[in-house]
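>>> pasted the sequence and its predicted model underneath.
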Amino acid sequence: DLFEETPPQETKEETQEEILDTIDLDLKEEEEEIKLDLDIEDVSLPRQEEETIEKIDLELDDALELDINDATQEKSKEQEKISLDLDDTIELDLNDTIQEEPKEQEEISLDLDEEIQIDLEQEEDFFIDKEEMIQKMGIDEATYNELLKEYIADMHKGLEELKQSVIEGDSQNYQQLLLKLKGMSDTMLFESISKDFETLLSGEDIDRMAIIETIYGKVDSINRMV
C-alpha cells in the first residue's frame, strides 16, 4: 500500500500559468470593450456634430426668414404710410387750393370794386358849373361851348404828346407842353386840372404817368357834360 500510485498533483507552475491565462483573457476582454466604446464614441461624435450643424443651419434659416419677413412687412408698412401721407398731402393741397380760389376771386372782386369806386369818386369830385363859368368868363353859352370843345380836343392831343415826351425822356418838350396845357386850363378856370399840371412842373419824385392819366379822366368828365 505504501507504494500505491497517487494521482498526480498540480504543480505550482501550472497554477500560475492558468492565472496568467485568465488575466490575459480579462485584459483582452477589457481591451475589446474599450475599443468598442471608442468606436461607438467615434461614430456618435460625427453624428452629433452633424445634428448640431443641421440644427444651427435650421436656426439660421429660420432667423433669416424671420428677418426677411419682418423687413418685407416693415417695407410694406412704410410704403403704405408714404402712400397715405402723399394722399393726405394731395388732398390737403387740393382743399387749400379750392379754398384759396374763392378767396382770390373775392379779393379780385373787391379790388375791382375799389378801383371802380375810386374812379367814380374822382369823376364825381370833378364837376364844373357851366353857368357859373360862363358868368365868370363873361361870355355867352354858345361861345363857352365852342371853347370847351376846342379845349377838350387840344387837351387830348397835348396829353398824348406829353406821355410820349415822358417815355422818350424829352425834358424840354415836356416842360413846354406842361406850360401850354396849364395855361389852357387856367383860361377855362379849371383849377383842379391846373393844380395837377403844377405838380408835374414841380419836378418832384412823382408818378408822372399816373397824374397824366388823372388829367385824362377829368377831361373826359368835362366831355360828357358838353
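Structure received.
>>> let me see the contact set for the closest residue to Asp186 other than its chain neighbours.
Take Asp186 and drop its neighbours on the chain: the residue closest to it by C-beta to C-beta, 6 or more residues apart in numbering is Ser194, 5.3 Å away. Glycine gets a C-beta too; all of them are placed from N, C-alpha and C. Counting by C-beta atoms under 8 Å, 6 or more residues apart in numbering, Ser194 touches 182, 185-186.
>>> so which of the residues you listed is the closest to Tyr216?
Ser185 (13.0 Å; C-beta to C-beta).
>>> contact partners for the closest one?
Neighbouring residues of Ser185 by C-beta under 8 Å, 6+ apart: 155, 193-194, 197.
>>> between the residues you listed, which sits nearest Asp129?
Among the contacts of Ser185, and counting by C-beta to C-beta, the member closest to Asp129 is Ile193, at 15.2 Å.
>>> would you mind measuring from the closest one to Ile215?
To Ile215, Ile193 is 6 Å away according to C-beta to C-beta, to the nearest Å.
>>> same question for Asp154.
13 Å.
>>> neighbour-wise, which of those two wins?
Comparing Asp154 with Ile215 by neighbour count (other C-beta atoms under 10 Å), the higher total belongs to Ile215, at 22 against 14.
>>> please name the nearest non-neighbouring residue to that one.
Leaving out its chain neighbours, the residue that sits closest to Ile215 by C-beta to C-beta, 6+ apart is Asp196, at 5.1 Å.
>>> what sits against the one you found?
Residues near Asp196 by C-beta under 8 Å, 6+ apart: 211, 214-215, 218.
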